[in-house]
Every structure is written in structure tokens, then in C-alpha cells.
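Chemist: Next input, structure requested:
(chains A and B)
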Amino acid sequence: MINFILKRISIAIPTILILIIISFILMHSAPGGPFTSEKPLPEQVLKNINAKYGLDQPMYIQMYNYITGIIFNFDFGPSFRYKDRSVNDLIAQGFPVTLKYGSWSFIIAVFFGVSLGVIAAIRQNSYLDYLSVGFSVSAQVLPNFVMAPILVLIFTLWLGWLPGGGWEGGKIQFVIMPVIALSTSYMASIARLTRSSMLEVLNSNFIRTARAKGIPKYKIIFSHALKPTLLPVISYLGPAFVGMITGSVVIDMYFSTGGIGLHFVNGALNRDYSTIMGITILIGCLTITFNLLVDIIYAWIDPKIRYDS
Amino acid sequence: MFAELIFYSFLAILSMIKSLFAFLIFCIIEGLLTFGGNMKKLFSLLFSVSFFILSTNTYAGSHSHPVTGEKLAADQTFTYWHGDEHSSHDPQILEDTYGSNIARDLFEGLLNQDADGNLIPGVAETWSANDSKDVYTFNLRKNAKWSNGDPITAHDFVYAWQRAVDPATASPYSWFMEIMSIKNGGEVISGDVPPSDLGVKALDDYTFQVELTASLPYFAAMTTHATTFPTHKATIEAHGSDWTKPENMVSNGAYMLTEHVINERLVRERNPMYWDNDNTILEKVVVLVIPDENQGLTRYLAGELDQGPVPAGQYKKLKAEYPEQATSFPRLCNYYYTFNLSETGIEAFQDVRVRKAMAYAIDRNVITEDILQAGQTPAYTFTPGSTAGFDVPKVAFSKMTQAERDAMAVSLMEEAGYGKDNPLSFTMIYNTSESHKKIATVMAQMWKQKLGINATMENTEWKTFLDIRGKQDFEIARGAWCGDYNEASTFLDLLTSPSGYNDGKYSNASVDQLMTEAKTSSDSSKLYTTVERILAAEMPVIPIYHYAGVFMLNSQIKGWPYDNVEQNWYSRNFYKVAK
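Modeler: Now for the predicted structure:
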């Protein structure tokens, strides 16, 4: 297992490097630049700015400086948009925010998603099943950019219970709506995955054997059926978790949470090369890490999977 | 070893989660069937724990405004909306309106504007120019202090102005110093001479003098611009670009920066060191960044903001519902379409008759009254009528009725050899936006119906759009321009041949000549009128409308400078009256 992990980590490094190079080239080949604006800057002014940010150098030197900056100083460079902030500043300020609402969303999505799925499966074709399936379907077709304004309308404007946005360091009343808006569609997917997987497991031979032996139903479900049921769910959870903690532009936009989701999209629109690169690398690293974790959990849950050859 | 440790701890966590699931599922199955009715109670309990009291509306009522005698609200906080995070609040670095709004509170320049846009003393108590108007002298007040208690001297201005043009600062607004015609401004920016050679000096601690390369009658007015605000040398040298963080920042305005979370909020609180602090009433000013306008409006209506946005097309409705809060006023901005008159443009647009016909055929009232609906005015000149010292010329097509304009357009188009059998075709480009799309659709439709023109609409994302337009890779393109200062040249300079912003590459020797003359003329207004007449005759751009500023303002907030067309507001002039 340790060999496997080491192998994966050694593959991860070149993967990240390729990711950096490709995004760097893609970013720089987009039309316009970070300092293109409605009022184009006079040539000399633009030249000074380009010199300040090193954009006057050939691209391979820029890339080399960028990569060595990260490796030796852990410096992701200055933001071109927020001129007196570095990308490290932006991530340090934004990532804890998305990590907080993302983790809560994840916990809630998994908690309720798996529960709903299991209930639906063991009470198949009962009203509980229909209720849970109905809920999942409606949650899935209600994207968060529709959900967010509706939540604000209800809880802020009509009921006046919760503030319509902001973060203020993550006080509970500011976290509730972002978490609801972010977790629902994930919850729905998890519920549907769990339900179909559970149904399949419940119809398999070893469950029938267990039932024939007279083992109580709850014991069959929790001790025998749940583990194989969760296999497909877990492979979904790795990327889903990364998706949630790296934030959502919709959440950041509607709730003004200040997370990195909005930086990611604005970075691309503003051609803020360094911000885009910084966040891409962050997401890349997290994705690789969580995919590795998923593989490890897989091996633990399903003894048939062996990574060491 | 370490990896194994992580692995086993992970196993432990997982088994915990598993038992949690078991418990939860048990609870839900049992719970759903038996205590379904109690769920409501549980939720209301959850909410009551997290109840949020929006703002303290209690007020003592003991304070009243020293001049007007109005009863003041106990909570003197002004919370307003920004649609995007500002790029910086460093005066020499900032480049957007949002940043300037913040900088005007955090800093104070030589001069300020009053509610009507007139010049009033700032850090400078008095100012004067020599007869040829190329040397300006500012006498600074002696009681002005930085927020750390240091006195503000002429040296601070020298430092800040040199910093603005220093190539090492790489200020995106350094060109502003160049158009201020300060001696050696351009040379410092291009690195030919050191910043210390800039034509600014401190005659003594409280006398600041600027030497210009040309006679500039409106120079003093330009010192209200944020780029010219003083900055604290010791702080900048100690912290580098981090000096603008709340914990480091030293400033000289009526407010100090106390909190800044990017894309969320910025808070500024009263500066006790400010020389006129006794006359400041608002205690605290908060900016909330809400990118979505509808969301901004919802939060305004929920009472979270004192000033909020009016999303496109909603002004009429809001005005009817909240007549005292929905506000519209003219802004120094225009909206136009520019023909590509360079070699890469199409031949038809070289014909002035075609350009005129296209400009005449657009019914601007449909655009302002049916699409935008927020107090915008139809534009027949490039410069907005609300610009100071600008007499709107009665250019030919502004006086006609739309029917007359249409008839004229049809005959001009026929003269030029285009008609329904020989239709003109081209592509019009604009940047992706719902309202640009609506306007382009209406324009294309009017051209189609009246002149038989086939206009293909094409939209691109903002930066790509700017790239295309800047490279003259278009036939006709949308444009908009907001004045940097309240003077017609800020608009008309755009259409001179050397202008870097002249994306249509229009070039007319008499326009260039008149605009050069206007710079030093004592009666520039006449010259601007002449330029506008030339533009109306040649139609290098099609003016569509002049912008209106719209917002919702809590009627408790008093002192908003509606009559200041540049909308340069200072929070220290506001106050909040009791309900």
C-alpha cells in the first residue's frame, strides 16, 4: 500500500507541472491581457506596467520564474487585478471561507444524501421511496443559481431571519444559506447513487443468504449491505468534495462570501494570469489528493481491489 | 510509517462515520413515522438559535444636526453597494470609480468638490495661478494631519506626485499626470529623467508649487482626482505594497480603513486626526460587494444597505413603488457606435452619406424610453449636455422629428447607391451583455426596416472585444466613454487623430486643430461646439444616448450631491436622520 501511495505521489508531481504549463499557455493565448481596458493605456504606461510584472519577458522565462517562485518561495506572484495584493493573500483570505462552507455542505450532502438513498432503497416503491426520489429529482433540476435567490427571497426579504449575504468571519447565520444552496444538488446525486446501488446490493446472492439465515433486517443493512453500497458513492465523493471546498462562483456571487470561487471566474475574465494559475494549482493538487484518498478507501472497503502487483 | 499512520487514522474516522450513519438512518426511519409532527418544532428551534438581528434601529434621539437641526439616527453607519471589488485603494494605483469612492474618504487631496461640483479647499486652504496659468501655487493648511498624527506637508504631495509618474510604481493612471501637463511628466513616465525632475516642489513645508508645460485654466479642478492625493512615504517604504492593508495603512482623510475582505466588505471608520473631524457626522462607512444587481436590490429592500443598485429595466417600477428612494440623474458618460474608418473597415462606411443615414435612422427615444427606462437621454452629440461649460449645439438632426430623420436617411442612402435591391451588409460587434444585446437588436431592426440594411450582430466577451476593437478588426463597434473630469475635452479628445482611444481611426485636421486650441483657450466652449458641429456633419460615430446614474438611496441618508455630475461624493458630508 505504501508503495502504491509513493507511486501515486511521484506521478502527481509531473501531472501538476503539466497542468501549470498547459494552463499558463492557455491563459496567455486568450485575446487581450490583464491591462486591456476600455481606456487603453498609453504605450509607455503599459510598458512600465508590463516591466513591473515581468510580462515584457519571453513566455518561457515568465513560466520559469513563475514555477521557481512557487517551488523555492511558495510565492504565487502578485495579482494583476488587485494590484496591492498577492495571489497568496487572495488564497489565504478566500480558501478558508470556501473550505468552511464547502466542508459543511459536504457533510450535510453525504449525511442526508446517503440516508435518503438508503431509506428509499429499503422501502422501495413505498411513499418514502417516492418522496425521496421526488426530492432528489427536484433538487437536481433546481440549480443553485435559482436556489440562491429563492432562499434569499424567503429567508431575508420575507421572513427576515437570515442576512442576505456576507461572511463576517463565518458566523453561523451567514453560513446557513450558502450551505443549503451548495449542498442540495450534491445531496440529490448522492441519494440517487446510494438508492440504485443499495437496490442492486439488496438483490445480490449474499444478502439473500443472510436473509435466509434469519439475520435481522437492520443488521443485514448496516453490517453487510452498506459497505458495498457505498463503493460507487465514494468514487463520486472525491471530486465532489474538491468541487465543494474550492468554492462555487454562484455561491460567492450571490452570497458575497468572498471565497475563491469568484476569484477563479473573475481571474479568467480579467486575464489575471497569476490568480488563475494559483487557483488552478490549488484545485489540481486537491483533486489529485482526493482521488488518491478515494483509491485508498476503495481498497479498504472492497478486498477484491489490490493495488500492489 | 507516516503514510500508514494517516491511513489508519482515516480508517478510524470512516468507521466512526459509518456508525453515525447507522444511528442517523435509525433515527430517520423511526422518526419519520412517529415524530413527524415535531420536525417543524425542531426547525423553528434551529432558526431561533441563529436568529439574526439585522441592524440596531434603536436610537436615543438626543443628537440633532448642528446646522439643520434634524434629529439624527443613533447609528451613524452608511452601508452601500459595489458591484465589483475595487482594484486598489492606493491613490496612485487605483483606476476605477469604486476605488476612487473609497479613496476620497480615506484621503484628502489639495482641493475637494462641493455638492454642486465647485472647487472648495481640501488640504490646500488657498491656491493661485500666475497670469499665464502655467504655475500653480497651493497654500496648505497647517492643522492637517495623517492618521498617525504626523503633519501633512507639501513634501507629502511632492512624494505622491513623483510616485504617480515613477516607472517603478507603474501606475495605470500615470497618464493623468501627463494630461495635467506637469513639467517633465511624460519624460519621467518614459524613464528619460528621474522622478525628482517632475515639475513639482515644496517651497516650504506648507507651500506646494506645480510648474506646467502649457497654460491650463482648469488645472486646479484636476487636483480633486484621486491620483493626486498625498500618500505617507514612511508607511509605503516600510510595508511595500502591503501598506494598503488596514493594519498598516496611514491616511489623511475623514475616515480610516479598519477592515477589508476582498469580494466581501470594506469598512472605514472616522479618523480622529482629521482636521475637520468635528464637523463629520457619519461614524462608519461600509461597502458590501454584491456582484449580482438583483441580489443587491433584494438586500437593499431587506434593509441591509442604505444605497443599492437598480437592475436594468426596473427603474420605472421601483420609482413608482419607492418614489423617495429610486433616484436617477445625468452622468458624464456616453454610449455610441463607432465606424471603422481605417483601411481595415468596409468601403461603404467611408461614404459620409451612409454614416449619416445610419445615424439618422435610429429612433433614440425607443432606446431610452422603452428599453433602458431609467432617465437616460437620447444623444445627438458626443459630449453629454450636462458637461460643465459645454453648450449643446443645435446640430441638424437633433432638431428634426424622427419622421424627418427617417426620410432624410432613406434619401441619403439612395444617393449613396444603396437600397432594398442593393442592400448594405455588415457586422456590428458589442461586448456580451443583456442590455447591449437589446440595443443592438433594436438598432439592427431599425436599419433593416428603414434602410434595408442587413446587420449581423456579434458579441464577444469583454477583453476579447477590446482586443478586436483596438486592432480595428471590426466594421462597426459599440463604445462608451465616461469623462475623467468635468470638461468637454475629456470626450472630444477621443476623436482626435493622435488619441490612443480613437478605435475608429477617425481623423480630421480641423478637429485636431480646434482641440489643440481649446487646451489653452479662455473660451473653449465655442470651440467644442464647433467640433460637435463637424462631428454631426461627418458622423464618425453614432451617438446613441447619454448615461443616467440610478440607485436606491435610503431616505434617512441626507447630503447626497445629486447636482455633482461627476458624482464625486464624500461620506463626511452625509448624515443619517432618525426615522
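
Chemist: Determine the three-state secondary structure at the residue nearest to A:Ile305 when sequence neighbours are not counted.
Modeler: In space, and not counting its chain neighbours, A:Ile305 is closest to A:Ala299: 4.9 Å by Cβ to Cβ, 6 or more residues apart in numbering or on different chains. Every C-beta, even on glycine, is put in place using the N, C-alpha and C of the backbone. Here A:Ala299 is recorded as helix under DSSP: H, G, I helix; E, B strand; the rest coil.

Chemist: Could you count how many residues lie near A:Ala299?
Modeler: Counted by other Cβ atoms under 10 Å in any protein chain shown, the residues lying close to A:Ala299 total 17.

Chemist: Give me the pLDDT for it.
Modeler: You'll see A:Ala299 listed with a pLDDT of 80.

Chemist: does stretch A:105-125 come close to chain B?
Modeler: Yes - Stretch A:105-125 is in contact with chain B by Cβ under 8 Å from any Cβ of the partner chain, via A:111, A:114-115, A:118-119.

Chemist: Using a markdown table, lay out these together with pLDDT and neighbour count.
Modeler: As requested, these are arranged in a markdown table below (pLDDT from 0 to 100; neighbours: other Cβ atoms under 10 Å in any protein chain shown):
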| residue | pLDDT | neighbour count |
| --- | --- | --- |
| A:Phe111 | 92 | 17 |
| A:Val114 | 91 | 26 |
| A:Ser115 | 90 | 22 |
| A:Val118 | 90 | 28 |
| A:Ile119 | 89 | 23 |
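
Chemist: Now name the helix or strand holding the residue of the stretch 101-250 of chain B found nearest chain A.
Modeler: Nearest to chain A, among the residues of the stretch 101-250 of chain B, is B:Ala170, at 3.8 Å (Cβ to the nearest Cβ). For B:Ala170, there is no helix or strand it lies in under DSSP states H and E.

Chemist: Next, give phi and psi for the closest residue to it other than its chain neighbours.
Modeler: Of all residues not flanking B:Ala170 in the chain, A:Lys52 sits nearest, at 3.8 Å (Cβ to Cβ, 6+ apart). As for A:Lys52, its main-chain torsions (degrees, to the nearest 10) stand at phi -60, psi -40.

Chemist: A:Lys52: neighbour count?
Modeler: Neighbours of A:Lys52 using other Cβ under 10 Å come to 16.

Chemist: next one: A:Gly117
Modeler: Per other Cβ under 10 Å, the neighbour tally for A:Gly117 reads 30.

Chemist: what does A:Ser10 give?
Modeler: 9.

Chemist: measure it to B:Thr235 for me?
Modeler: Distance, A:Ser10 to B:Thr235, by Cβ to Cβ, to the nearest Å: 47 Å.

Chemist: Also B:Tyr255?
Modeler: The gap separating B:Tyr255 from B:Thr235 is 17 Å, by Cβ to Cβ.

Chemist: and the residue in the stretch 1-150 of chain A positioned nearest to chain B, how many neighbours?
Modeler: For the stretch 1-150 of chain A, the residue closest to chain B is A:Gly32, as judged by Cβ to the nearest Cβ, at 3.2 Å. Per other Cβ under 10 Å, the neighbour tally for A:Gly32 reads 20.

Chemist: Is it in a helix, a strand, or coil?
Modeler: Applying three-state DSSP: A:Gly32 is coil.

Chemist: for B:Val511, same thing?
Modeler: helix.

Chemist: for B:Lys201, same thing?
Modeler: Three-state call for B:Lys201 (three-state DSSP): strand.

Chemist: Verify the contact between it and B:Tyr159 for me.
Modeler: No - look at B:Lys201 against B:Tyr159 with Cβ atoms under 8 Å: they stay out of range, at 11.7 Å.

Chemist: Please identify which of the two sits among more neighbours.
Modeler: Higher neighbour count among B:Lys201 and B:Tyr159: B:Tyr159, with 21 against 15, using other Cβ under 10 Å.

Chemist: C-terminal to the lowest-mean-pLDDT helix or strand in chain B, what's the next element?
Modeler: Using mean pLDDT, DSSP states H and E, helix B:39-49 stands out as the lowest-scoring helix or strand of chain B, at a mean of 39. For helix B:39-49, the following helix or strand on the C-terminal side (DSSP H and E) is strand B:77-82.

Chemist: For A:Thr246, see how far away A:Leu286 is.
Modeler: As judged by Cβ to Cβ, A:Leu286 and A:Thr246 stand 6 Å apart.

Chemist: which one of these two has more residues nearby?
Modeler: A:Thr246 (21 against 17).

Chemist: out of B:Tyr255 and B:Thr235, which sits in the more crowded spot?
Modeler: B:Tyr255 (26 against 19).

Chemist: per-residue pLDDT, the more buried one?
Modeler: 96.

Chemist: what sits against it?
Modeler: B:105-106, B:268-271, B:274, B:285, B:571-572 (Cβ atoms under 8 Å, 6 or more residues apart in numbering or on different chains).

Chemist: ok, B:Lys450 - how many residues close by?
Modeler: Neighbours around B:Lys450, by other Cβ under 10 Å: 20.

Chemist: Surely it touches B:Val410?
Modeler: Yes - at 6.6 Å, B:Lys450 and B:Val410 qualify as touching, with contact defined as Cβ under 8 Å.

Chemist: Backbone dihedrals for whichever residue of the stretch 301-450 of chain B sits closest to chain A, both of them.
Modeler: Residue of the stretch 301-450 of chain B nearest chain A, by Cβ to the nearest Cβ: B:Ala302 (4.7 Å). Phi and psi for B:Ala302, reported as degrees, to the nearest 10, are phi -80, psi 0.

Chemist: May I have the residues that are in contact with it?
Modeler: A:156-157, A:160, A:164, B:54.

Chemist: again, but for B:Gln376
Modeler: B:367-368, B:545-548.

Chemist: Ok, B:Thr496 next?
Modeler: Contact analysis of B:Thr496 by Cβ under 8 Å, 6+ apart lists B:502, B:511-512, B:515.

Chemist: contacts for stretch B:106-113?
Modeler: The contact list for stretch B:106-113 (Cβ under 8 Å, 6+ apart) reads B:89, B:91, B:119-124, B:127, B:138, B:140, B:144, B:157, B:208, B:220-221, B:223-226, B:228-231, B:249, B:251-257, B:268, B:274, B:561, B:564, B:566, B:568, B:570.

Chemist: Restricted to buried residues, select the residues you listed in PyMOL.
Modeler: Buried subset of the contacts of stretch B:106-113, written as a PyMOL selection, criterion 16 or more other Cβ atoms under 10 Å in any protein chain shown:
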select buried, chain B and resi 89+91+119+121+122+123+124+127+138+140+144+157+208+220+221+223+224+225+226+228+229+230+231+249+251+252+253+254+255+256+257+268+274+561+564+566+568+570
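
Chemist: what about A:Val201, which helix or strand?
Modeler: Judged by DSSP H and E, A:Val201 forms part of helix A:172-202.

Chemist: Indicate the residue of the stretch 251-400 of chain B located nearest to chain A.
Modeler: Closest to chain A within the stretch 251-400 of chain B is B:Glu264: 3.4 Å, counting by Cβ to the nearest Cβ.

Chemist: what's around that residue, how many residues?
Modeler: Neighbourhood size, B:Glu264 [other Cβ under 10 Å]: 28.

Chemist: Since that was my last question, I'll sign off now.
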